[in-house]
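**Q** Have a look; sequence and predicted model below, questions after that.
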Amino acid sequence: MPDELAIRARGVTRVYKAKPAPVTALGGVDLDVQQGEFFGLLGPNGAGKTTLIKILTTLLIPTAGTALVAGFDVVTETAKIRRVINMVSGGEQSGYGLLTTREQLWMFSQFYGLTQRDGWRRVDELIEITGLTEQRDQKVRTLSTGQRQKLNFARGLLNDPWVLFLDEPTLGLDVAAARDLRDHTLSWKAAAPGRTVLLTTHYMVEAEQLCDRIAIVDRGRILALGTPEELRRRVQAESIFRIELDQLPQNGGIAAIGALPGVLSAIRADEDGEGPGSDRVALKVALADDSALTSVVTAVAERGSHLVGLAKSEPSLEDVFVELVGRGFGEDDGEGPSS
Amino acid sequence: MTRYRTIATTPREAAEWSTGRLIRTNLRAIVGRAYPRIVGLAREPSWLFFEIFLPFLAVSAFVFVYRALEAPEEFVGFVVLGGAMTAFWLNVVWMMAAQFYWEKDQGNLELYFTAPMHLMSILAGMAIGGLVLTSSRALAVIGIGSLVYGVTYHVEEPFVLVGVFFLTMVPLYGMGMLLASLFLMWGREGFHLAQLLQEPIYFLGGVNFPLRAIAPVAGVMMAILPLAVGLDAMRQLAFVGSEAQGMLPVGTEALILVAMGVAFLAAARLALGYLEKLARREGRLTLRWQ
């Protein structure tokens, strides 16, 4: 069935019972993911990404709509889906701390029906691939966060899944560990043709580096879908500047800058750890055209800030997100549903 | 690089399993889930103190009371046997009934749900692993208690005694499998129930005295508590000719245990099916932090 989709969702809706009112975590999602595709769901916390993964991995049923994984219905054909998928979540503490790395993986291999010989062989292969050879006989409870997540990743590959769900897999990892994990994912994907990965993340770099196509999700809806390049082209008509200041602007702050004529959006660009350091503040400002830059620089000066750096930048996925929803990733408007 | 690959050729083919493969997977899942409990025997020596020495102290208190009251000497043996069976009851309450709740917190439960084996296999693995783990502790309590207090057993049918022991374990752990689903559905109230299931059950199950001593309620306990029935039968078989009579003939009690085993396992299966439906409908049972 070469033409069959790995994932197909139509009008998938999920409403959680809550007080004082029900919360809509997913509001009618339509999605097609091709076999062999590395697909990303990019969105802030509460966007509904995890809820969608829970539905696709048969942990939740949709309140409305239909979803198929590998051609099987998530409501009525759960057993078949469970034979061809696996899932790895960020910050996962699964398994039992008194087991060694090797034993833990072997235990999980038994849940997928691997024989004794195949199970141990596969465990040893995955330990080697994920770089856990030195920790193979170490008890799981003594592993570092990064090692633990590598172990979880190895667990996710035990059954050689046809559809692998990665739910914020690098959450809480340091830069090196996150990079390792991304490399392992790409290696596995390259070595296993036909395998599909659905990744949820709120790290732009991760989505850009790994995904063939990305859906930008917010408040339970897909706002845009395409390759990273296609998405970036949506905002290429704009001029995007990175402005570094010695302090935050006073009298209305960043919002006042964003309200200036010719300014499409203005957000903090240094809240995700990639900022300029010391006491400086970095802003990312999208302009309808370059001529609006003068009024921005003047407005910044009027609000007590001094310009210490200015650069025109290529549009990123975050710019696309800001363009679509009118706020940055880290800016919670307090109304997002919990997923 | 083919080392990532295993067997599958297409997703559809990979999803089509024969009955044999399904059975083998579930049997392997039982072994897999039993494994952590069995290796735990050697990895957590502190348990030796809590699960052997403390029960031994509890047994000792009753032994001294019986000797002070000049009760029949086999009562000491009754208490030692009851103390050993207590270990199984504690294992059922804390490592079966409450286990799904903990598995949910660790994130294991959602992995169990998304794996291709039946959840009953996970429960069976937990039960078998728990049985092996606890048997070592129970044997230690019997060994130490018998040596220290000089218990004399009078066993005429050792195989029947062993058979009744295993007949007792089936409904006992079946009850644990049922409670595992119920505790998860009830949430924190489950923990209160677990507390409630300790001391009152020691009393109502006749752990430290012959069940006949509480004859008015013993009949009810015989109908719902495998521990009470099994212990009464095992005492009759381990202390033949004792002054203290059992509640019912051993054969009848064995039949009750068989019926209980079937009933508890069937109920556990139903509860698990309901739990899974509830979990998928409401999400709150398998998803962490919800």
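**A** It's in. Residues are numbered from 1 along each chain as shown, chains lettered A, B, ... in the order given.

**Q** So chain A: which segments form each domain?
**A** Chain A breaks down by automatic domain parsing into domains covering A:7-232, A:237-314.

**Q** which of these sits most buried?
**A** domain A:7-232 (a mean of 20; mean count of other CB atoms under 10 Å in any protein chain shown). Every residue, glycine included, has its C-beta placed from N, CA and C.

**Q** end-to-end on it?
**A** 24 Å (CA to CA, to the nearest Å).

**Q** pLDDT weak spots in chain A?
**A** A:1-3, A:236-237, A:271-278, A:328-339 (pLDDT under 70).

**Q** What segments of it are helices?
**A** Using DSSP state H, the helices of chain A run over residues A:49-56, A:78-84, A:101-111, A:116-129, A:145-156, A:175-191, A:204-210, A:228-233, A:253-258, A:293-302, A:317-325.

**Q** Count the neighbours of the closest residue to B:M222 other than its chain neighbours for me.
**A** In space, and not counting its chain neighbours, B:M222 is closest to B:V229: 5.4 Å by CB to CB, 6 or more residues apart in numbering or on different chains. For B:V229, the neighbour count with other CB atoms under 10 Å in any protein chain shown is 33.

**Q** Next, the contact list for B:V229, please.
**A** B:T168, B:M222, B:E253, B:I256, B:L257, B:M260 (CB atoms under 8 Å, 6 or more residues apart in numbering or on different chains).

**Q** redo that, cut-off 6 Å
**A** B:M222, B:E253, B:I256, B:L257 (CB atoms under 6 Å, 6 or more residues apart in numbering or on different chains).

**Q** quick one: the second one and B:L231 touch, right?
**A** The one in question is B:E253. No - assessed by CB atoms under 6 Å, B:E253 is found out of contact with B:L231, at 9.7 Å.

**Q** And the contacts of stretch A:289-300?
**A** A:S239, A:P249, A:I257, A:L260, A:G262, A:V263, A:V285.

**Q** Can you tell me which of the residues you listed is nearest A:D180?
**A** A:V285 (34.8 Å; CB to CB).

**Q** Looking at strand pairing, list the partners for that closest one.
**A** Beta-bridge partners for A:V285, by DSSP bridges, are A:F241, A:A266.

**Q** so what's it up against?
**A** Contacts of A:V285 by CB under 6 Å, 6+ apart are A:F241, A:I243, A:A266, A:V296.

**Q** quick one: which of those residues is nearest to chain B?
**A** Comparing the contacts of A:V285 against chain B with CB to the nearest CB picks out A:A266 as the nearest, at 33.7 Å.

**Q** Switch the contacts of A:V285 over to TSV; also include distance to B:G40.
**A** Compiled in TSV, the contacts of A:V285 are given as follows (distance: CB to CB, whole Å):
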residue	distance to B:G40
A:F241	60
A:I243	59
A:A266	57
A:V296	64
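
**Q** returning to what we had before: redo the domains of chain A as JSON lines? Include distance to B:F183.
**A** Converted to JSON lines, those look like this (distance: least, CB to CB, whole Å):
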{"stretch": "domain A:7-232", "distance to B:F183": "19"}
{"stretch": "domain A:237-314", "distance to B:F183": "41"}
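
**Q** what about B:G130, which helix or strand?
**A** Taking DSSP states H and E as the definition, one finds B:G130 inside helix B:119-149.

**Q** Okay, angle between the helix or strand following that helix and helix B:119-149 too, please.
**A** Using DSSP H and E, the next helix or strand after helix B:119-149 towards the C-terminus is helix B:158-186. Angle of helix B:158-186 versus helix B:119-149, following axes from the mean of the first three to the mean of the last three CA atoms, to 10 degrees, is 130 degrees.

**Q** which one in the contacts of B:V229 is the model shakiest on?
**A** Least confident entry in those, by pLDDT: B:M222, with 73.

**Q** Give me the neighbour count for it.
**A** 20.

**Q** The closest residue to B:F203 other than its chain neighbours and chain A: what is the separation?
**A** Leaving out its chain neighbours, the residue that sits closest to B:F203 by CB to CB, 6+ apart is B:I214, at 7.7 Å. The gap separating B:I214 from chain A is 40 Å, by CB to the nearest CB, to the nearest Å.

**Q** go on, B:M222?
**A** In terms of CB to the nearest CB, B:M222 sits 37 Å off from chain A.

**Q** Can you give me the buried ones in the host helix or strand of that residue?
**A** Using DSSP H and E, the element containing B:M222 is helix B:215-224. By 16 or more other CB atoms under 10 Å in any protein chain shown, the buried positions in helix B:215-224 come out as B:A218, B:M221, B:M222.

**Q** Run through who's touching that helix.
**A** B:L204, B:L211, B:A228, B:V229, B:M247.

**Q** Just the angle for that helix relative to helix B:158-186, thanks.
**A** Using the same axes, to 10 degrees: helix B:215-224 against helix B:158-186 is 80 degrees.

**Q** next SSE after helix B:215-224?
**A** That would be, after helix B:215-224 and using DSSP H and E, helix B:226-238.

**Q** roughly how far is that next one from the heart of the chain?
**A** 15 Å (CA atoms, centre = their mean, to the nearest Å).

**Q** next one: stretch B:108-120
**A** 21 Å.

**Q** So A:A64 is in contact with A:T13, correct?
**A** Yes - taking contacts as CB under 6 Å, A:A64 lies within contact range of A:T13: 4.1 Å.

**Q** what's the nearest residue to A:K139 if we skip its chain neighbours?
**A** A:T100 (5.8 Å).

**Q** Kindly report the same for A:L114.
**A** A:L114 sits nearest to A:R122 (CB to CB, 6+ apart), 6.3 Å away.

**Q** before we move on, the earlier item: reformat the contacts of B:V229 as JSON lines; add secondary structure and distance to B:M85.
**A** As requested, these are exported to JSON lines (DSSP: H, G, I helix; E, B strand; the rest coil; distance: CB to CB, whole Å):
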{"residue": "B:M222", "secondary structure": "helix", "distance to B:M85": "15"}
{"residue": "B:E253", "secondary structure": "helix", "distance to B:M85": "14"}
{"residue": "B:I256", "secondary structure": "helix", "distance to B:M85": "16"}
{"residue": "B:L257", "secondary structure": "helix", "distance to B:M85": "13"}
